[in-house]
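> sequence and predicted structure are below.
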Amino acid sequence: MARRSPARLLAPLALVGFVVALLLVINGAGSDDGSSKPSGSGSKATATATPTRKEKARQRRKRYTVKAGDTPSGIAEKTGVPLSTIIELNPDLDDQTLTVGDKIKLRR
């Protein structure tokens, strides 16, 4: 009987290793929290009374430009403006007819 090549056993193991590595990279790249520290670094998040620069920019913005995949409720969440306010300021706003590049009023 002919002896089998070791590649016959190593190829499936290499494939499994590649798939595991790929899943780890994909899951690591999906983190949008903006921090470069690993989640188990032991640092504790503390609430501050003063808003960050990003929050200040959100509060001052008067208009929002629609991006692909945006919905009125998603825009409200991103900008921190209540959905009822967005609907009140934009009475012709319809999530079915929302197109990329549209400008939506956030403040008066």
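That came in fine, so what should we check first? Predicted model only: the values in this text are computed from it and were never measured.
> C-alpha from now on. contacts and neighbour counts both.
OK.
> do you know how far the closest residue in space to residue 86 that isn't next to it in sequence is from residue 71?
Leaving out its chain neighbours, the residue that sits closest to residue 86 by C-alpha to C-alpha, 6 or more residues apart in numbering is residue 106, at 5.8 Å. Applying C-alpha to C-alpha, to the nearest Å, the value for residue 106 to residue 71 is 14 Å.
> pretty sure residue 103 contacts residue 65?
Yes: in this structure, residue 103 is within contact of residue 65 by C-alpha atoms under 8 Å, at 4.6 Å.
> low-scoring pLDDT stretches of this protein, where are they?
1, 29-51, 53-60 (pLDDT under 70).
> cutoff 80 now
Low-confidence segments of the chain (pLDDT under 80): 1-4, 6-7, 29-61, 95.
> please, where are all the strands along it?
63-65, 103-105 (DSSP state E).
> and residue 66, what does it touch?
By C-alpha atoms under 8 Å, 6 or more residues apart in numbering, the contact list for residue 66 reads 98-104.
> rerun that using 7 Å as the cut-off
Contacts of residue 66 were listed using C-alpha atoms under 7 Å, 6 or more residues apart in numbering, and they are 99-103.
> again, but for residue 62
105-107.
> so which of those wins on neighbours?
residue 106 (25 neighbours; other C-alpha atoms under 10 Å).
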